[in-house]
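Quick one: sequence plus predicted model below, questions after.
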Amino acid sequence: MPLVNFSNLDFDQIKTSIKDYLRANSNFTDYDFEGSNLSTIIDVLAYNTYITSYNANMVSNEVFLDSATLRENVVSLARNIGYVPRSRKASTATVSFSVDVSNTTAVTLTLKAGLVVSTTNRGNITNSSYNFTIPSDITVPVDSTGIAYFNDIDVYEGTYITQPFTVSSRNPNQRFTLNNPGIDTSLLTVIVRDSQTSTVQRKFRRADSLFDVTSTTPVYFLQEIANERYEVLFGDGVFGQKLQEPNYVEVSYVVTSGEEANNLTSFKFTGRILDNNGTPVTSGISLITTISPSFGGKLIESVDSIKKYSTQIYASQNRAVTASDYEALIPTIYPETSSVSVFGGEDLNPPAYGKVFISIKPYNGVYLPDSIKENITNSLKRYSVAGIVSEIVDLKYLYIETNTKAYYNTNLAPSSNYVRTLIRDNITNYANSTELNKFGAKFKYSKFLKIVDDSHESVTSDITTVSIRRDLAPVLNNFAEYEICFGNRFHVDNESGFNIKSSGFTVSGINDIVYLGDLPNSDLRTGTIFLFKLNSPTEPVVVKRSIGTIDYVKGEIRLNPINVISTKVTRSVPLIEISSTPYSNDVIGLQDLYLQLDINNTTVDMIADNIASGNDSSGSNYQVTSSYSNGSLTR
């Protein structure tokens, strides 16, 4: 039979196909393919076909962005649609120090670009030394006492390198390739002089598009090439200023270790200081004071991230119309974006037509400063369609709290504490995973149960209850209205009320510590909020009714104007913790809600499964655990 429609990629299948083909030929009818020398030839043919088909398959995959696996190919394909992957990010620390030059005539001191401080404290990772640099000179005055203060200097981890180029017309294909991988492109500086001996220099800025770029605009373009290195490109005289021989180009950049240098606190001075006369200053330098430890170091953008954002950027075509357009543009405008959520005002209740709301989780910190919000908003105006107003809102944390009763076979477990530790470690890993720490995340109840059950072979089952919590930061000693949205439906466990729980606080006019309670209406879809105090843990006394409303279906609580004086819970700011049992154990992070599994309020209790261990095969003394939340009235 002829080899038609051949599609087998498995070696054994290819070998079988070749044998079947030869058997169909009358010249080989009586051949023993297993024992003859022809078997070796068939093996060679099969191997050759197998390798050829594998290579053809891989080559075919690498020419499409969706199926490509090699970074160089993914970067090249993304370049075709105008996307430059994010580079490695240098860890940044803020330090201060002073220099005593009272015994000199210095008027100003200049901290030269390059190495400034170094450190060796790497905690439990490695003992490598890390250098921190600055990309440009810093000059400060000497005060009347002869002291110069270098305050709140941002230093960047890495090696400061300057790479020169001379433009040559004899090399029409001249390329300006940066030799080192691991460059933080945000710290890259390009200076152009008319010649190597010229003292007049022009600083070129990086351009991400051709907007506002004329034939004389001093800009450069950047693209990633092989081995995570970069190439600088200049204009051609139509878009961007064209370089001429013998222009001299100096490209300065920082080669960084990325996230490895985060969380460093102890530094020593290793920089170079010159006074206004050009004399080096080597004495009188104080100890380094660390204002903020190093943070923000990140690795180069991953292949998966390039595949995701390059197509979104291309689809947006540098304009912001849909929510996905904003989600694609925000990380390019603000590279510190860890996760972003965008939703239109038409999705709100009541609707806010013509507005788009943006919530951003930065890599470092919880909220964006107002100055950064304003910068992002102004940058978005270049892309926004007229009539659409963008507003950046602070993200809201929705905490998930779990209470797990894990049954285990005592014959298979070294100890209950050993198994409990394994379970907690696995829960912590899940809490820190990307499944939860992003907008639009979903807490998957069945997966959580599987994580617990698979923690150790001794675990036979578990009963886990789930609650959701929001933290209200009240304005103390002022009347204010509050709206707390959970984005998930509440479970109405008791028609008589007390389906929500809160931590204690005090209000004006009432001396006792009070708590929030709820009373459902007859439809069990809405209800009212009241204040109560406790005479005992099980004896509530209502002190004020109808102070607000609750929507169990939408998961919303609204409080009428109330004057909170103090709170029992304080974490940097006074808080009122409010929690409830969700209608579904699968919890979602709706719109601007950022989902987090609260490890501090996650409990794991071990219960011996005497049926599985054989100690109580009849189950007469089996310890039953409720599948519902505890009945306490408060948090």
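On my side now, so go ahead. Numbers count the residues shown, from 1 in each chain.

and Ala113, how many neighbours?
18 (other Cβ atoms under 10 Å). Quick note: C-beta positions are derived from backbone N, CA and C, even for glycine.

what does the one 3 residues further on give?
By the criterion of other Cβ under 10 Å, Val116 has 27 neighbours.

Tell me if I'm right that it and Phe269 touch.
Yes. Counting by Cβ atoms under 8 Å, Phe269 is a contact partner of Val116 at 7.3 Å.

Mind listing the shared neighbours of those two?
Here Val116 and Phe269 share no contacting residue, scored by Cβ atoms under 8 Å, 6 or more residues apart in numbering.

what's the average pLDDT for the biggest helix by length in the chain?
Ranked by residue count under DSSP state H, the longest helix found in the chain is helix 38-62. Averaged across helix 38-62, pLDDT comes to 76.

So which other helices or strands are in contact with that helix?
In terms of contacts (3 or more Cβ pairs under 8 Å, 6 or more residues apart in numbering; DSSP states H and E), helix 38-62 is packed against helix 11-23.

circling back to that earlier point, hey, what's the angle from the longest helix of the chain to helix 11-23? Just curious.
Between helix 38-62 and helix 11-23, the angle comes out at 130 degrees (axes from the mean of the first three to the mean of the last three Cα atoms, to 10 degrees).

what ranges do the helices span in the stretch 301-450 of the chain?
Shown for the stretch 301-450 of the chain, the helices assigned by DSSP state H, counting those that start in this stretch span residues 303-316, 323-333, 370-380, 416-431, 445-453.

For Ala608, find the nearest of these.
Among those, the nearest to Ala608 by Cβ to Cβ is helix 416-431 (7.7 Å).

If we go by neighbour counts, what in the closest one is buried?
Ser416, Val419, Arg420, Leu422, Ile423, Arg424, Asn426, Ile427, Tyr430, Ala431 (16 or more other Cβ atoms under 10 Å).

Output it as PDB, restricted to C-alpha atoms.
Only the C-alpha atoms of helix 416-431 are listed here, as PDB (Å, rounded to 0.1, in the frame of the first residue of the first chain):
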ATOM      1  CA  SER A 416      -1.000  15.500  64.000                       C
ATOM      2  CA  ASN A 417       1.200  18.500  64.100                       C
ATOM      3  CA  TYR A 418       3.300  17.200  61.200                       C
ATOM      4  CA  VAL A 419       0.200  16.800  59.000                       C
ATOM      5  CA  ARG A 420      -1.300  20.100  60.200                       C
ATOM      6  CA  THR A 421       2.000  21.900  59.100                       C
ATOM      7  CA  LEU A 422       1.900  20.300  55.700                       C
ATOM      8  CA  ILE A 423      -1.800  21.400  55.200                       C
ATOM      9  CA  ARG A 424      -1.100  24.900  56.300                       C
ATOM     10  CA  ASP A 425       2.000  25.100  54.000                       C
ATOM     11  CA  ASN A 426      -0.100  24.000  51.000                       C
ATOM     12  CA  ILE A 427      -2.800  26.500  51.900                       C
ATOM     13  CA  THR A 428      -0.300  29.200  52.100                       C
ATOM     14  CA  ASN A 429       1.100  28.300  48.700                       C
ATOM     15  CA  TYR A 430      -2.400  28.500  47.300                       C
ATOM     16  CA  ALA A 431      -3.000  31.800  49.000                       C
END
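
State the mean pLDDT of it.
For helix 416-431, the per-residue pLDDT values average out at 90.

Now do it: distance to the chain's middle.
A distance of 24 Å separates the centroid of the chain from that of helix 416-431, by Cα atoms, centre = their mean, to the nearest Å.

cool, stretch 239-255 as well?
On the basis of Cα atoms, centre = their mean, stretch 239-255 sits 34 Å off its chain's mean C-alpha point.

Can you give me the buried ones in the longest helix of the chain?
For helix 38-62, the neighbour count (16+ other Cβ under 10 Å) marks Ile42, Ala46, Thr49, Tyr50, Ser53, Glu62 as buried.

so how far is it off the chain centroid?
For helix 38-62 - counting by Cα atoms, centre = their mean - the centre lies 42 Å from the chain centre.

before we move on, what about stretch 77-87?
Counting by Cα atoms, centre = their mean, stretch 77-87 comes out at 20 Å from the chain centroid.

same check, this time on stretch 474-482
Relative to the chain's own centre, stretch 474-482 is displaced by 33 Å; criterion: Cα atoms, centre = their mean.

Using PDB, write out every CA atom in that stretch.
Presented in PDB, the C-alpha positions along stretch 474-482 are these (Å, rounded to 0.1, in the frame of the first residue of the first chain):
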ATOM      1  CA  PRO A 474     -14.400  54.500  59.600                       C
ATOM      2  CA  VAL A 475     -13.800  58.300  59.900                       C
ATOM      3  CA  LEU A 476     -13.600  58.700  63.600                       C
ATOM      4  CA  ASN A 477     -15.500  61.400  65.500                       C
ATOM      5  CA  ASN A 478     -17.500  62.400  62.300                       C
ATOM      6  CA  PHE A 479     -20.900  61.400  61.000                       C
ATOM      7  CA  ALA A 480     -20.400  59.600  57.700                       C
ATOM      8  CA  GLU A 481     -22.300  57.200  55.500                       C
ATOM      9  CA  TYR A 482     -20.700  53.900  54.500                       C
END
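
mind checking the SS state of Leu109?
For Leu109, the secondary structure call by DSSP: H, G, I helix; E, B strand; the rest coil comes out as strand.

Report the beta-bridge partner residues of the nearest residue to it once chain neighbours are set aside.
Once flanking residues are discounted, Leu109 sits nearest to Ala148: 4.4 Å by Cβ to Cβ, 6 or more residues apart in numbering. With DSSP bridges as the criterion, Ala148 is bridged to Val99, Val142.

ok, Ala148 - contacts?
By Cβ under 8 Å, 6+ apart, Ala148 lies in contact with Ser98, Val99, Val101, Ala106, Thr108, Leu109, Val140, Pro141, Val142.

how about 7 Å then?
Ser98, Val99, Val101, Leu109, Val140, Pro141, Val142 (Cβ atoms under 7 Å, 6 or more residues apart in numbering).

Give me the residue at the spatial middle of the chain.
Nearest residue to the geometric centre of the chain (Cα atoms, centre = their mean): Ser338, 3.2 Å.

That one contacts Lys361, doesn't it?
Yes. Using Cβ atoms under 7 Å, Ser338 makes contact with Lys361 at a distance of 4.7 Å.

My read is that Tyr160 contacts Val255, right?
No. Judged on Cβ under 7 Å, Tyr160 makes no contact with Val255 at a distance of 8.3 Å.

tally of neighbours for the residue lying closest to Lys307 once chain neighbours are set aside?
Nearest-residue entry for Lys307: Leu65, 6.1 Å, with adjacent residues in sequence omitted and distances by Cβ to Cβ, 6+ apart. Leu65: 19 surrounding residues under other Cβ under 10 Å.

Helix or strand: which one has Leu65?
Following DSSP states H and E, one finds Leu65 outside all helices and strands.

Pull up the gap between it and Arg420, please.
Relative to Arg420, Leu65 is positioned 46 Å away (Cβ to Cβ, to the nearest Å).

where do the helices sit along the stretch 51-200 of the chain?
So, for the stretch 51-200 of the chain - with DSSP H, counting those that start in this stretch - the helices run 71-79.

what about the strands in the stretch 201-350 of the chain?
With strands called from DSSP state E, counting those that start in this stretch, the stretch 201-350 of the chain shows them at 201-206, 219-224, 230-234, 248-255, 268-269, 273-275, 280-281, 289-295, 337-344.
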